[in-house]
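S.K.: Pasting the sequence and the predicted model now:
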Amino acid sequence: DGEEDDGEESDGEESDDDDDGDDGAAEIASLREHLATTPGDYDSHLRLIALLKAAAELDGVRAARESLAATFPLPEDVWLAWVDDEERLADSADELRAVQRLCLRGCEDYLSVPLWLRATQLAARAVGVELDAAGGGDDDAPAAAEAAAAAVREAFEQALTAGGLHVAEGGALWDGLEAFERRQLRGAPPAPAPARARAAERVRSVCRRRLAVPLLDTEEAWRRYAAWEEAEAAADGGGGDGAAAQQQQQQRDAEQKRDGALRELQKRRPLEVKLAAAVRAGARTDPWARDDGGASPLWDQYVALEETADPWRARCVHERLLAPPRAADGGGGTEPLLCAQPANWLRYLRFLRDGLKAPPLVAAASARAVRNCAGSAALWLARGTRMRRRPWTRPSRQRGRTMARSSLCSWAARCCCCTTCCQRVRWR
């Protein structure tokens, strides 16, 4: 009787699994049909991806994610989940490079230090170098070959160009490159080999570059660098009076860089603390809501500060402003995101055009702007103006669509000196 009962329970469980599978398949089919007619339903895209993952439909998940990425600019969390899944399936160097390219696609939507750090790790794995979360890898691991090391350095430099000036998070990228160079130094031949001297100079160069940038962890970076210099001097046995004098001069130069960075940091630390608190509290992000505080007026202060100090740091602040907050930090609220406000993109485009004077960056930012605010006539006009000035080698359907929308916006603006005409335009 017991065996018969067990068999009946097993049959019941299999029947329940079959019913769940049928329900999942029906919902997948329903969502696909819905998205075919309503591709702008973001939540339905995410639900479809979750169901396809549960059903272990790899090709379906990839297709659904590609459709989502083609329709919306995606936040950091969605890209990281995509990269995680693809990295688990990647074995060969070519597959890892493909995942790295996917990671770089995510970096084009918004500024994301975790995505850039992941891209450096993937670049290293593709050339046979394993890096941990800090970029250093195992202490006992051998130094990478010169060609592989060059590929890793190139990936880090690309990441630092994008996020190395991020006051709150940029230190993670500098930490990664510093840890990698220290690993290379550990694997170099013992002194006085020229290779070891070059490796030590690379570590020194990275540390000094980093100390010149105002970052929240500058003090910790200085303590680490000073301890390393002392250890290097002890390992060299002093190196004579000339070497000692040179070391002292280098130390003074590094201290001057650190002091300058700390002075700049004191101007920015209060804003960083307030911004972190505002985001965690889920404060309003509406730029017109000035009376009830929130993150928007803080970002205005930050932008004004950096635009009078350093144009590249100002660009980094603009990018941070436009990046959606992480879900873990209070993102996903009901208030409109700053990246969905056309005024913020227009201000950024004006800065790139007039302040930084970088036409390629203006072209890339205008394309991102219309993806985030597709209903803004002003942004389409700015995009069309940028494309008219850009040289083209052959006709492009994308250029044609952009120019058509830009011309329609221009016509609407001339016909009516108010925004109601533009609001009646239905984008096809």
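M.R.: Perfect, thanks for sending it.
S.K.: From the contact counts, what lies against the helix or strand hosting R263?
M.R.: Using DSSP states H and E, R263 sits in helix 240-280. Using 3 or more Cβ pairs under 8 Å, 6 or more residues apart in numbering; DSSP states H and E as the contact criterion, the secondary-structure elements in contact with helix 240-280 are helix 194-211, helix 218-236, helix 295-307. Glycine gets a C-beta too; all of them are placed from N, C-alpha and C.
S.K.: Recalculate using a threshold of 10 Å.
M.R.: helix 194-211, helix 218-236, helix 295-307, helix 311-322 (3 or more Cβ pairs under 10 Å, 6 or more residues apart in numbering; DSSP states H and E).
S.K.: Now the element after the last one, going C-ward?
M.R.: Past helix 311-322, further along toward the C-terminus, the next helix or strand under DSSP H and E is helix 342-350.
S.K.: So what touches stretch 250-264?
M.R.: Here stretch 250-264 makes contact (Cβ atoms under 10 Å, 6 or more residues apart in numbering) with 167, 204, 207-215, 218-219, 221-222, 225-226, 229-230, 233, 269, 305, 309-310, 313.
S.K.: Stretch 303-317 now?
M.R.: Under the criterion Cβ under 10 Å, 6+ apart, residues 111, 161-167, 170, 213-214, 264, 267-268, 271, 299, 302, 318, 320-321, 344, 347-348, 351-352, 355-358, 361, 365 lie in contact with stretch 303-317.
S.K.: Of all the residues in that stretch, which ones are buried?
M.R.: For stretch 303-317, a neighbour-count test (16 or more other Cβ atoms under 10 Å) marks 303, 305-307, 311, 313-317 as buried.
S.K.: any idea of the mean pLDDT for it?
M.R.: Mean pLDDT, stretch 303-317: 94.
S.K.: what's the first-to-last distance across it?
M.R.: For stretch 303-317, the first-to-last residue distance is 6 Å (Cα to Cα, to the nearest Å).
S.K.: how far is it from where the chain is centred?
M.R.: Going by Cα atoms, centre = their mean, to the nearest Å, the spacing between the C-alpha centre of stretch 303-317 and its chain's C-alpha centre is 18 Å.
S.K.: do stretch 259-278 as well
M.R.: Here stretch 259-278 is found 21 Å from its chain centre; the criterion is Cα atoms, centre = their mean.
S.K.: Poorly predicted segments of the stretch 151-300 of the chain, please.
M.R.: Across the stretch 151-300 of the chain, the stretches falling below the confidence threshold (pLDDT under 70) are 237-243, 282-293.
S.K.: Likewise for the stretch 1-150 of the chain?
M.R.: Across the stretch 1-150 of the chain, residues meeting the criterion (pLDDT under 70) sit at 1-21, 132-142.
S.K.: swap the cut-off to 80 and go again
M.R.: Low-confidence segments of the stretch 1-150 of the chain, defined by pLDDT under 80: 1-23, 131-144.
S.K.: any idea how far A314 lies from R347?
M.R.: Distance of A314 to R347, given as Cβ to Cβ, to the nearest Å: 11 Å.
S.K.: before we move on, what about E130?
M.R.: As for E130, its distance to R347 is 42 Å (criterion: Cβ to Cβ).
S.K.: helix/strand/coil for A309?
M.R.: Reduced to three states with DSSP: H, G, I helix; E, B strand; the rest coil, the structure at A309 is coil.
S.K.: and the contacts of stretch 303-317, which are buried?
M.R.: For the contacts of stretch 303-317, a burial check counting by 16+ other Cβ under 10 Å picks out 111, 162-167, 170, 213-214, 264, 268, 271, 299, 302, 318, 320-321, 344, 347-348, 351-352, 356, 358, 361, 365.
S.K.: Name the helix or strand for the nearest residue to G60 once chain neighbours are set aside, please.
M.R.: Beyond its immediate neighbours in the sequence, the residue positioned closest to G60 (Cβ to Cβ, 6 or more residues apart in numbering) is L52, lying 4.3 Å away. Element membership of L52 [criterion: DSSP H and E] is helix 42-54.
S.K.: residue contacts, the residue nearest to the spatial centre of the chain?
M.R.: Nearest residue to the geometric centre of the chain (Cα atoms, centre = their mean): S112, 2.0 Å. Under the criterion of Cβ under 10 Å, 6+ apart, the contact list for S112 reads 75-77, 79-80, 103, 106, 118-119, 162-163, 166, 169, 319, 323-324, 326.
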